[in-house]
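K.L.:
Based on what follows, work out the 3D shape:
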Amino acid sequence: MEIAKLFEEQKHNVRKRGDRAFGWLMLGQWLFAVILALTFSPYTWSGENQELHIHVWMATVLGGIITSLPLYFAFIRPGEQIGGYVIAVAQMCFSALFIHLMGGRIEAHFHVFGSLAFLATYRNWRILLVASAVIILDHFIRGFYFPFTLYGVTTGVEWRWLEHGAWILFEVAFLSYACAQANKEMLQTAVTHWELMNTRLDTENLNIKRTQFFSVISHEIRTPLNGIIGFSDFLKESPIPQEQKEYVSIIKQCSDTLLKLVNDLLDFSRIDSGRLDIDPHNFKVQDIREYLEKVFSLECRKKSLRFSFEIAPNVPSELVGDSHRIRQVLTNIVGNAIKFTENGGIRVHLRPHPTDADIYQWTVEDTGVGIKKDNLAKIFSPYTQEFSSTSRKYGGSGLGLAISKKLVELMGGQLSVESTLGKGTVFFFSIPLKPS
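P.N.:
Sure thing, here's the model as predicted:
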């Protein structure tokens with residue numbers, strides 16, 4: 001969208017707001033004009049008969065005529081270019097009517113200046129000029145032919161319209177300057193909006209290209225990595241010296257770490273661009289437990305840690321959900337728990353939600369180093385770890401928990417954490433799952 005179109009759209013919105021506001025103002029003024037006419041000398045005598053003063057009929061009939069066309073533009077066709085000019089003319093006619101009904105009292109003339117100030121909300125100096133021309137013409141004609149209805153006196157005021165016109169033009173000049181400044185600000189707002197739209201579009205295109213790049217490059221990296229990992233497993237089983245087997249183990253460990261990093265980067269890129277989908281399907285809870293026990297049993301034995309996966313008795317054996325993503329979340333959390341735990345153990349627990357049968361609570365509890373309270377919220381931010389030296393001491397990219405939180409949210413849940421420094425950490429999340 002071009003800047004000119006954005007600027008015109010802003011002006012159209014200003015006109016719509018102004019039209020509707022003046023529509024309600026017109027109705028209020030009409031009602032007030034009738035009340036004013038009934039209050040000031042409402043009756044007159046014609047012989048022996050008493051009847052309503054002509055002012056009452058003037059306020060009712062003339063006020064309705066003045067109001068009708070502005071109401072059409074205010075509520076039926078708001079925002080029209082011509083609508084503002086019609087409303088400006090009608091508003092000045094109301095000012096003239098009020099001055100007439102109040103017998104030319106000086107306070108009635110303030111309605112003119114208030115009306116001009118209200119009309120300035122259109123931010124259009126041309127509307128102000130039209131309004132001022134209407135009221136000055138009214139003062140000129142009535143000043144010569146009906147001075148009593150304008151000034152409350154009958155003689156010596158024929159040229160006073162020049163003084164009143166000068167004050168009106170003075171206000172219009174000031175309001176026109178204010179309108180010009182407001183239009184400059186609106187134009188600058190349109191420019192800023194246009195720049196933001198282009199920046200957002202560029203960012204979206206960049207995200208798409210980045211996701212495509214990650215998809216391609218991750219495939220190019222994972223293919224040789226899988227080959228290295230496969231041949232590492234083959235070499236470990238082959239009859240080679242023990243020292244070489246240790247070298248092969250190191251190669252496989254490094255390859256596994258690099259492969260996990262590549263997968264994390266790809267997942268984070270997909271999540272960030274909104275292109276990662278959840279795939280619900282039937283799965284066995286026991287399969288997830290066996291997978292975690294198989295993956296982490298060796299690491300737990302190396303550090304002499306206890307590992308347990310407890311499933312509540314009232315959990316169905318089969319559920320419907322994305323078991324791949326659940327396993328990925330648990331793998332990230334349990335992997336971190338083992339990494340930061342030197343003594344004790346890790347406990348995973350699954351149970352139904354106490355109040356909702358379709359919600360299941362997963363808990364991962366460890367007896368590790370714990371997390372400072374000030375850092376609890378930070379650990380879910382990408383590229384962030386609890387300690388600045390974590391990457392040197394424990395390793396890791398800092399993406400695991402950020403990805404896990406996004407995955408849990410995509411599955412309709414929330415990932416939370418509680419921790420006591422030096423005693424351990426508890427991660428828990430609840431996600432909707434249905435019995436198979």
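K.L.:
For Ile271, list the residues it contacts.
P.N.:
403, 406-407, 410 (CB atoms under 8 Å, 6 or more residues apart in numbering). For the C-beta atoms, the positions are set from N, CA and C on the backbone; glycine is no exception.
K.L.:
Tell me where this protein has strands.
P.N.:
Here the chain has its strands, by DSSP state E, at 43-46, 49-52, 281-284, 306-311, 318-321, 345-352, 359-366, 414-420, 424-432, 434-435.
K.L.:
May I see the domains of this protein written out as residue ranges?
P.N.:
3-199, 281-435 (automatic domain parsing).
K.L.:
still on that earlier bit, are any of the contacts of Ile271 buried, and which?
P.N.:
For the contacts of Ile271, a burial check counting by 16 or more other CB atoms under 10 Å picks out 403, 406-407, 410.
K.L.:
between those residues, which is nearest Ile65?
P.N.:
Using CB to CB, Leu410 is the member of those that lies nearest Ile65, at 62.6 Å.
K.L.:
isn't that closest one right up against Pro280?
P.N.:
No - with contacts defined as CB atoms under 8 Å, Leu410 does not count as touching Pro280, sitting 11.3 Å away.
K.L.:
Start and end of stretch 114-127, how far apart?
P.N.:
15 Å (CA to CA, to the nearest Å).
K.L.:
I'd like to check what contacts that stretch. Which residues are they?
P.N.:
Residues contacting stretch 114-127 (CB under 8 Å, 6+ apart): 11, 14-15, 17-18, 21-22, 25, 84-85, 87-88, 91-92, 94-95, 128, 131-132, 168, 171-172, 175-176, 178-180, 182-183, 186.
K.L.:
For ChimeraX, write the select line for the buried members of these.
P.N.:
Entered in ChimeraX, the line below selects the buried ones among those, by 16+ other CB under 10 Å:
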select :11,14,15,18,22,25,84,85,87,88,91,92,94,95,128,131,132,168,171,172,175,176,179,182,183,186
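K.L.:
Next step: the contacts of stretch 114-127 restricted to helices.
P.N.:
Among those, the members found in helices (DSSP state H) are 11, 14-15, 17-18, 21-22, 25, 84-85, 87-88, 91-92, 94-95, 128, 131-132, 168, 171-172, 175-176, 178-180, 182-183, 186.
K.L.:
thinking again about what came up before, switch the domains of the chain over to JSON lines; also include distance to Leu261 and mean pLDDT.
P.N.:
What follows is the domains of the chain, written out as JSON lines (distance: least, CB to CB, whole Å; pLDDT from 0 to 100):
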{"stretch": "domain 3-199", "distance to Leu261": "30", "mean pLDDT": "84"}
{"stretch": "domain 281-435", "distance to Leu261": "6", "mean pLDDT": "86"}
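K.L.:
Kindly reformat these as JSON lines and extend each row with distance to Gly227.
P.N.:
Below are these laid out as JSON lines (distance: least, CB to CB, whole Å):
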{"stretch": "domain 3-199", "distance to Gly227": "42"}
{"stretch": "domain 281-435", "distance to Gly227": "22"}
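K.L.:
Looking at these, spot the one closest to Gly230.
P.N.:
domain 281-435 (17.8 Å).
K.L.:
Between the two ends of the closest one, what distance do you get?
P.N.:
Start-to-end, domain 281-435 (CA to CA) is 11 Å.
K.L.:
Can you give the distance from it to the centre of its chain?
P.N.:
Its chain's average C-alpha position is 32 Å from that of domain 281-435, according to CA atoms, centre = their mean, to the nearest Å.
K.L.:
what's the answer for stretch 11-19, then?
P.N.:
The answer for stretch 11-19 is 23 Å, by CA atoms, centre = their mean.
K.L.:
Stretch 257-269 now?
P.N.:
With CA atoms, centre = their mean, you get 31 Å for stretch 257-269.
K.L.:
Which positions within that stretch qualify as buried?
P.N.:
In stretch 257-269, counting by 16+ other CB under 10 Å, buried: 259-260, 262, 264-269.
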